[in-house]
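Enquirer: Predicted model and sequence below, questions to follow.
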Amino acid sequence: QVQLQESGPGLVKPSQTLSLTCTVSGGSITTNSYYWTWIRQPPGKGLEWMGDIAYSGSTYYSPSLKSRTSISRDTSKNQFTLQLSSVPPEEPAVYFCASLSAGCFAVWGQGPLVSVSS
């Protein structure tokens with residue numbers, strides 16, 4: 001059974017880079033046809049897809065965040081990482097990693113809240 005676990009700081013300073021890592025257990029991030037996704041949810045708002053890294057290593061980003069977002073992976077650790085640069089103070093959110101297969105976000109991490117404050 002695949003499980004995902006996010007890790008990273010719960011607080012970042014304005015204009016700094018947010019970095020979160022998702023560790024996958026029970027399955028490989030190189031499994032054919034799987035995509036590994038970052039999704040965020042600001043308090044009181046809906047879910048926002050940020051981007052994916054595919055089983056092949058190809059990456060896909062939301063057009064509205066593309067200039068500030070980078071998703072990478074470490075296959076030896078079975079992890080994928082989100083970096084979001086220049087975080088403004090009005091951008092706190094819960095960040096989820098999730099697996100995407102056959103059009104379904106089947107497995108989600110627990111979603112840590114990342115606050116932005118100096």
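Expert: Sure, I can see it.

Enquirer: Pick out the residue closest to the middle of this protein.
Expert: The structure's the chain has its C-alpha centroid closest to residue 38; by CA atoms, centre = their mean the separation is 2.8 Å.

Enquirer: Helix or strand with the lowest mean pLDDT in this structure?
Expert: Within the chain, confidence by mean pLDDT, DSSP states H and E is lowest for strand 104-108 among all helices and strands, at a mean of 89.

Enquirer: Tell me the buried residues in that strand?
Expert: Of all the residues in strand 104-108, those buried under the rule 16 or more other CB atoms under 10 Å are residue 107. C-beta: built from backbone N, CA, C; applies to glycine.

Enquirer: the helices in the chain, which residues?
Expert: Using DSSP state H, the chain contains no helices.

Enquirer: In it, where is pLDDT below threshold?
Expert: Within the chain, no range satisfies pLDDT under 70.

Enquirer: Spell out the residue ranges of the strands in this structure.
Expert: 3-7, 11-12, 18-25, 35-41, 48-54, 59-61, 69-74, 79-84, 93-101, 104-108, 113-116 (DSSP state E).

Enquirer: which residues are in contact with the second one?
Expert: Read that as strand 11-12. With contacts defined as CB atoms under 8 Å, 6 or more residues apart in numbering, strand 11-12 is touched by 18, 87, 114-117.

Enquirer: could you redo the last one with a cut-off of 10 Å?
Expert: For strand 11-12, the surrounding residues in contact (CB atoms under 10 Å, 6 or more residues apart in numbering) are 18-19, 84, 87, 89, 91-92, 113-118.
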